[in-house]
Structures are given as C-alpha cells and as structure tokens.
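**Student:** Here is my input, please return the structure:
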Amino acid sequence: MRDESCIFCKIIAGVIPASKVYEDAHTIAFLDIAPFEKGHLLVLPKYHAPTLPDLPPEDLHRTIEVVQKLGRHLIKTLPCDGFNVLQNNGACATQTVPHVHFHLVPRHNSTPICWIPSSYPNMDEMAAYQRLLTYSE
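**Tutor:** Residues are numbered from 1 along each chain as shown. Here you go, the predicted model:
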C-alpha cells in the first residue's frame, strides 16, 4: 500500500531521490537529510502506515530485523560505539512524516548526545557516507 502524497512513498517509488544504503522487497533505509549525527539512517517499511499502531505485524517484524542488521552494520562500518533507535508517532511526538520510520542514530563515547538536527556540509560528504554505509550481504 502506498500514499501518493507521502514523501517517503515517493522515495520508495523512486520519484524523489534519496541516499539509499539498503533495500529489499519490504524495507528501505537511507541517510537522513537532517541528521543528529553523521551516518543517521531512516529505516522504513515500504508498506504505507502513518503510525506504528497502523503497521501490520509482519511489516513491523521485517522492518525491525533491518533496524537490527543496520545497527550492527553502523558499529562495524563507521565505526561507532553504539546507536539510538527512535520511533515517533504523531505530530505531538515530533513525527514529521506520517509514514512509520525508525531513526538509527550512531553514537560515540566521546560525543555528548545532541538532539538538534544538523546537515552535511555538502553533497560530496553525504555521498561518501552513503558509499560507506551501503549494506550488502
């Protein structure tokens, strides 16, 4: 199921570009354009559901498996010391895109947690992170 007005559904359909690092039949992951840390990923089901309670359990299961896989990948590849997994539901919870998605935010022991979105200084640096974090089995 897709929603033609949803920006994430447009990314899934290839209408809007994204710095994809993972894709399978049910899930997609790409770099967040307003990252809390460089390497911040968004992992989402291809099935359109506005909030977590709307997502069928089988799609949640498939998506969370990818979150776990890419979490291991972040630690190994960046490397980082750990990561946060965030999932917001509704505008009151700071969900800005009404399509279920998980934030996978790399963390380093030497850096304090900062919840202020930033940006990549240029597209070349973002592309470098995309190449580094592209997952293949």
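**Student:** all helices for this structure, in order.
**Tutor:** Secondary structure of the chain (DSSP state H): helices at 7-13, 57-77, 123-133.
**Student:** and the angle from the last one to helix 57-77?
**Tutor:** Think helix 123-133. Taking axes from the mean of the first three to the mean of the last three C-alpha atoms, to 10 degrees, one finds helix 123-133 and helix 57-77 inclined to each other by 100 degrees.
**Student:** any idea of the mean pLDDT in helix 123-133?
**Tutor:** In this model, helix 123-133 has a mean pLDDT of 96.
**Student:** contacts for that helix?
**Tutor:** 19-21, 31, 33, 38-39, 41, 73-74, 77-78, 120 (C-beta atoms under 8 Å, 6 or more residues apart in numbering). From N, CA and C alone the C-beta is placed, and that goes for glycine too.
**Student:** likewise the shortest one?
**Tutor:** Contacts to helix 7-13, defined as C-beta under 8 Å, 6+ apart, come from residues 2-4, 16-18, 28, 30, 44, 46, 48, 97, 99, 101.
**Student:** With neighbour count and pLDDT as extra columns, can I get those residues in CSV?
**Tutor:** Compiled in CSV, the contacts of helix 7-13 are given as follows (neighbours: other C-beta atoms under 10 Å; pLDDT from 0 to 100):
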residue, neighbour count, pLDDT
Arg2, 14, 88
Asp3, 14, 91
Glu4, 9, 90
Ile16, 11, 96
Pro17, 9, 97
Ala18, 20, 98
Ile28, 21, 98
Phe30, 22, 98
Leu44, 26, 98
Lys46, 21, 98
His48, 20, 98
Val97, 15, 97
His99, 24, 98
His101, 24, 98
